[in-house]
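> Requesting a structural model of the entry that follows:
(chains A and B, ligands or ions: 2)
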Amino acid sequence: MTLLWRRPTTLDGAIEELASDDAAIYAGGVSLVLLMNLGLFEPATLVSLAAVPGLAAVTGDDEAVDLGAMCTHARLAADPILRRTHPAAADMFAGIGNVRVRSWGTLGGNLAHADPAQDPPVMLAALHGTVSVVGPRGDRVIPVEAIAEGPLSPALDPDEIVTSVRLPLAEERSGSSYLKYLPGTKDDYATVSIGAHLQFDRAGAVRQARLVAGAVGPTVVVLGAGSEVLTGHPLDPDVLDALRVAVRDEVNPSSDRRGSADYKREMAGIVAARAASACRPASARP
Amino acid sequence: MGGVDVDPAWPSIALTVNGRRHEVSVPADRRLAGLLRDDLGLTGTKLGCEVGVCGTCTVLVDGLPTSSCLTLAVQVDGASVLTVEGLAAFPELAELGRAFVEEGGFQCGFCTSGQLVAIAGLMLEQRLSSMTSEAVTEHLHGNLCRCTGYYGIQRAIDRARR
Ligand code: FES
Ligand code: FES
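Numbers count the residues shown, from 1 in each chain, chains lettered A, B, ... in the order given. Ligands and ions are numbered 1, 2, ... in the order given. The predicted structure is shown next:
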């Protein structure tokens, strides 16, 4: 089959091009060409977003920061606004894959790839991120964790385009962290990863907790039970151990070469406890 | 900037490779590695894994370290590409090549062009000497070598950093 390359210069133009059969959005190409090289994906038309203006900006207001879908991981890792508002997210972007993946891989491409073992959806869902999507039937906003239906199955129509991710600014006395457990090589997929965002009251107890797990299910998992265990308690060793147990029992991983299901369950609990500890605001650390 | 897409199956692109300008028409699915190796005869860029992991295909696109196996040629329309063949034009990189030879930075050599391009990217931006050795290792962890155990490569980099 002969592949066609389209390079529209407007968002509407891109949506129109995507109406043709087997058309796919081309962002940075990293995941898409990888699937093509493996023979797992054979699009008829690639619609590049590189010439569509306005998709690669980072802007902030007094409520949130908006990350353009065509921002590369390297750009976000170094972005001065994101570094200031969400340093744990900037660090997460700096740790994705290897330097070449970060050069070209984009935020929108990553989320639309719907891989539950990738880093951004886990951290960004923990930070209450929402995704803006445009398409021929109108615009919509969905939570980051709702962008995937299953592995490599985005909850998007083929002619819908992710344009940005919005992260609300962190509340007072809150902290965030992202931890991934990589028993193999540094650029491997995680055995399990945890994004955490905790808000504390004046006395140091957790007011609100949000924990999200990656690589332990068909999509990223918001850990409801895990978050409940923390609410109302300071992060003392007993509470962290209860969190470990709750998360271990809440996730549902499958066995693969990165670990057996049981092993991943154990590690999910341990990594969650560590990620929660790392959320303590600097002033509250022992 | 780049050419006009007359034929979406064979887009025309214009790019600079190692300082030389090329205007070519390529099939839309041509990978950058294929353009460099097969169309332009620059076979110093190697293909190992073709899934972005090994780093043998590393080139710099407008200074960015890039897996040429995961990049379409049309994607770099208008860009400036530097491959291992282009490194000789930079006198400040001469010591890097010498250090690789004298410190045993390679055995079979298959990974070497990728290693050199990845390190050259840091040197050309004048970042290498101010980076911690952990940061250099982090930058290079995606360039695999099955021969040297990395010791020779590490020594060569340490020398080039001075
Ligand atoms: S061949 Fe491109 S990274 Fe291995
Ligand atoms: S020298 Fe043989 S792979 Fe590195």
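> Can you name the residues of chain A that neighbour chain B?
A:2-7, A:26, A:29-30, A:33-34, A:36-38, A:45-46, A:48, A:50, A:74, A:97-101, A:103-104, A:185-187 (C-beta under 8 Å from any C-beta of the partner chain). Yep, even glycine has a C-beta here, placed from its N, CA and C like the rest.
> so what's the most centrally placed residue in chain B up against?
Closest to where the C-alpha atoms of chain B average out (C-alpha atoms, centre = their mean) is B:V59, at 2.2 Å. When the contact criterion is C-beta atoms under 8 Å, 6 or more residues apart in numbering or on different chains, the partners of B:V59 are B:32, B:36, B:45, B:66, B:68, B:81-83, B:117.
> A strand includes it, no?
Yes: the assignment for B:V59 (DSSP: H, G, I helix; E, B strand; the rest coil) places it in a strand.
> Please tell me how far the residue nearest to A:H113 when sequence neighbours are not counted sits from B:D29.
Spatial nearest neighbour of A:H113, excluding adjacent residues (C-beta to C-beta, 6 or more residues apart in numbering or on different chains): A:S31 at 4.6 Å. A:S31 is 16 Å from B:D29, where distance means C-beta to C-beta, to the nearest Å.
> check contacts around the closest residue to chain B within chain A.
Distances between chain A and chain B by C-beta to the nearest C-beta are smallest at A:N98, namely 2.7 Å. Counting by C-beta under 8 Å, 6+ apart, A:N98 touches A:186-187, B:52-53, B:55, B:141-142.
> one step back: and the buried ones among the contacts of B:V59, selectable in ChimeraX?
One line in ChimeraX is enough to select the buried ones among the contacts of B:V59; burial here means 16 or more other C-beta atoms under 10 Å in any protein chain shown:
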select /B:32,36,45,66,68,81,82,83,117
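> picking that back up, tell me the buried residues within the residues of chain A next to chain B.
Buried subset of those (neighbour count, 16+ other C-beta under 10 Å): A:3-7, A:26, A:29-30, A:33-34, A:36-37, A:45-46, A:48, A:50, A:74, A:97-101, A:103-104, A:187.
> how about the helices in the stretch 51-200 of chain A?
Assigned by DSSP state H, counting those that start in this stretch, the helices in the stretch 51-200 of chain A fall at A:73-78, A:80-85, A:87-94, A:99-104, A:107-113, A:119-126.
> quick revisit: got a pLDDT number for the residue nearest to A:H113?
On the pLDDT scale, A:S31 is placed at 96.
> three-state assignment of it?
helix.
> Just confirm it contacts A:T106, I think it does.
No: the criterion here is C-beta atoms under 8 Å, and A:S31 misses it with A:T106 at 9.6 Å.
> sorry, back to before: the contacts of A:N98 in helices, which ones?
With DSSP state H as the criterion, helices contain none of the contacts of A:N98.
> and B:G19, how many neighbours?
For B:G19, the count of nearby residues is 10 (other C-beta atoms under 10 Å in any protein chain shown).
> what's the most buried one of the helices of the stretch 51-200 of chain A?
Among the helices of the stretch 51-200 of chain A, helix A:119-126 has the highest mean neighbour count (mean count of other C-beta atoms under 10 Å in any protein chain shown), at a mean of 29.
> Check which helices and strands that helix sits against.
For helix A:119-126, the packing partners by 3 or more C-beta pairs under 8 Å, 6 or more residues apart in numbering or on different chains; DSSP states H and E come out as helix A:87-94, helix A:107-113, strand A:174-181, strand A:192-200, strand A:206-214.
> and residue 86, what is it in contact with?
Picked chain A for this. Residues near A:H86 by C-beta under 8 Å, 6+ apart: A:65, A:127, A:167, A:170, A:176.
> nope, chain B please
Counting by C-beta under 8 Å, 6+ apart, B:G86 touches B:17-19.
> try it again with 10 Å
Shown in contact with B:G86 (C-beta atoms under 10 Å, 6 or more residues apart in numbering or on different chains): B:16-20, B:42, B:44, B:59-60, B:80, B:93, B:117, B:120.
> rewinding a little: from the contacts of A:H86, which single one is nearest A:V58?
A:V65 (6.7 Å; C-beta to C-beta).
> can you give me the strands for chain A?
Secondary structure of chain A by DSSP state E: the strands cover A:4-6, A:23-26, A:45-48, A:58-60, A:64-68, A:130-134, A:140-143, A:148-150, A:153-154, A:161-168, A:174-181, A:192-200, A:206-214, A:221-222.
> Just give me the closest of the contacts of B:V59 to A:K180.
Nearest to A:K180 among those, with distances taken as C-beta to C-beta, is B:T66, at 24.2 Å.
> Domain ranges for chain B, per the record?
B:12-86, B:90-161 (automatic domain parsing).
> In space, what's closest to the residue nearest the centre of chain A - neighbours in sequence excluded?
What sits nearest the mean C-alpha location of chain A, by C-alpha atoms, centre = their mean, is A:P121, with 1.5 Å. Leaving aside its chain neighbours, A:P121 sits nearest to A:V220 (4.8 Å; criterion: C-beta to C-beta, 6+ apart).
> same deal with B:L140?
In space, B:L140 is closest to B:A118, 5.7 Å off (C-beta to C-beta, 6+ apart).
> Just the C-alphas of the helix or strand encompassing the one you found, formatted as PDB.
Assigned by DSSP states H and E, B:A118 belongs to helix B:112-124. Taking only C-alpha atoms (Å, rounded to 0.1, in the frame of the first residue of the first chain), the coordinates of helix B:112-124 have been written out as PDB:
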ATOM      1  CA  THR B 112      30.300   3.600  17.500                       C
ATOM      2  CA  SER B 113      28.800   6.100  15.100                       C
ATOM      3  CA  GLY B 114      25.700   6.400  17.400                       C
ATOM      4  CA  GLN B 115      28.000   6.800  20.400                       C
ATOM      5  CA  LEU B 116      30.100   9.500  18.700                       C
ATOM      6  CA  VAL B 117      27.000  11.400  17.400                       C
ATOM      7  CA  ALA B 118      25.400  11.300  20.800                       C
ATOM      8  CA  ILE B 119      28.500  12.700  22.600                       C
ATOM      9  CA  ALA B 120      29.200  15.100  19.700                       C
ATOM     10  CA  GLY B 121      25.800  16.600  20.300                       C
ATOM     11  CA  LEU B 122      26.700  17.500  23.800                       C
ATOM     12  CA  MET B 123      30.200  18.900  22.800                       C
ATOM     13  CA  LEU B 124      28.800  21.000  20.000                       C
END
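> Tell me the helices and strands packed up against it.
Other elements packing on helix B:112-124 under the criterion 3 or more C-beta pairs under 10 Å, 6 or more residues apart in numbering or on different chains; DSSP states H and E are helix A:99-104, strand B:58-61, strand B:64-67, strand B:80-82, helix B:94-102, helix B:133-140, helix B:151-161.
> Output the ones you listed in TSV, with distance to ligand 1 and mean pLDDT appended to each entry.
Converted to TSV, those look like this (distance: least, C-beta to the nearest ligand atom, whole Å; pLDDT from 0 to 100):
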stretch	distance to ligand 1	mean pLDDT
helix A:99-104	7	98
strand B:58-61	7	98
strand B:64-67	4	98
strand B:80-82	15	98
helix B:94-102	20	95
helix B:133-140	13	92
helix B:151-161	17	93
